[in-house]
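Asker: here's a sequence, model it:
(chains A and B)
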Amino acid sequence: GAVVSQHPSRVICKSGTSVKIECRSLDFQATTMFWYRQFPKQSLMLMATSNEGSKATYEQGVEKDKFLINHASLTLSTLTVTSAHPEDSSFYICSARADGGTEAFFGQGTRLTVV
Amino acid sequence: AQKVTQAQTEISVVEKEDVTLDCVYETRDTTYYLFWYKQPPSGELVFLIRRNSFDEQNEISGRYSWNFQKSTSSFNFTITASQVVDSAVYFCALIPNMNRDDKIIFGKGTRLHILP
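Answerer: Model (predicted):
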């Protein structure tokens, strides 16, 4: 299957700082990318959907100013957690889908710890 | 409503036993896709299978098999002769309508423990 690379896999940051997570599709053009958040022992919660070249669509309850998503190219989307706080600590995972594709491929996930 | 229900939160079986993970879905659409993913302790999501709504054939892949029944809106997953390496969280998922923006709807997952 297609490869989606997510970086970094783990990050620890201080409260108040910002963290950027990258999601790259390595061997296909990802028209649509999805960002999920997963709390311990819970399911994946969709945060936002982004289409290349346009603004992301955020799910209800997700702060767009807190979680900045950029999908500037067909192979890269970034999620920036701004002014991170300990409650933002979580596992973040992206997925990417090609135009007309029937499957979304997932990155390896990023475990964010805010101290 | 469009949702996926995995009623089994956690299952423990002894190695070599067979185990079935249940998945029931709801969607208004006639064209949809169903998935199973495995999430091992490392966290990444491993794709296991995709099934479209027009294909009700059951599928077998090694020790894994899937039973798709539209009449009961179920897409159950069976592991035969389970192994310790099968221990993971398994998610059933639905794309209600395959268009450009449609998102994947995940069930809450079933945590499977295979005991040696």
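Asker: which residues are in contact with residue 53?
Answerer: In the absence of a named chain, this looks at chain A. Contacts for A:G53 (Cβ atoms under 8 Å, 6 or more residues apart in numbering or on different chains) come out as A:71-72. For the C-beta atoms, the positions are set from N, CA and C on the backbone; glycine is no exception.
Asker: hmm, I had chain B in mind actually
Answerer: B:29-34, B:70 are the contacts of B:S53 under Cβ under 8 Å, 6+ apart.
Asker: and if we set it to 7 Å?
Answerer: Counting by Cβ atoms under 7 Å, 6 or more residues apart in numbering or on different chains, B:S53 touches B:30-32.
Asker: check B:Y25 too.
Answerer: B:4, B:34, B:73, B:75, B:94 are the contacts of B:Y25 under Cβ under 7 Å, 6+ apart.
Asker: can you rerun that using 6 Å?
Answerer: Counting by Cβ atoms under 6 Å, 6 or more residues apart in numbering or on different chains, B:Y25 makes contact with B:4, B:73, B:94.
Asker: what about it, helix or strand, and which?
Answerer: strand B:24-26 (DSSP states H and E).
Asker: now do that strand, average pLDDT.
Answerer: For strand B:24-26, mean pLDDT rounds to 97.
Asker: tell me the helix or strand right after that strand.
Answerer: Criterion used, DSSP H and E; the element after strand B:24-26 is strand B:33-39.
Asker: and the residue positioned nearest the centre of chain A, what does it touch?
Answerer: Central residue of chain A (Cα atoms, centre = their mean): A:W35, 3.7 Å from the mean position. When the contact criterion is Cβ under 6 Å, 6+ apart, the partners of A:W35 are A:47-48, A:79, A:94.
Asker: which of these has the largest number of neighbours?
Answerer: A:C94 (30 neighbours; other Cβ atoms under 10 Å in any protein chain shown).
Asker: from what I see, that residue and A:G107 are in contact.
Answerer: Yes: in this structure A:C94 lies within contact range of A:G107 using Cβ atoms under 6 Å: 4.6 Å.
Asker: shared neighbours of those two, anything?
Answerer: Common neighbours of A:C94 and A:G107, using Cβ under 6 Å, 6+ apart, are A:6, A:23.
Asker: I'd say A:V114 and A:D88 touch.
Answerer: Yes: contact criterion Cβ under 6 Å: A:V114 and A:D88 qualify, at 5.4 Å.
Asker: which residue packs closest to A:A30, ignoring adjacent ones?
Answerer: By the measure of Cβ to Cβ, 6 or more residues apart in numbering or on different chains, the closest residue to A:A30 outside its immediate chain neighbours is A:A96, 3.5 Å from it.
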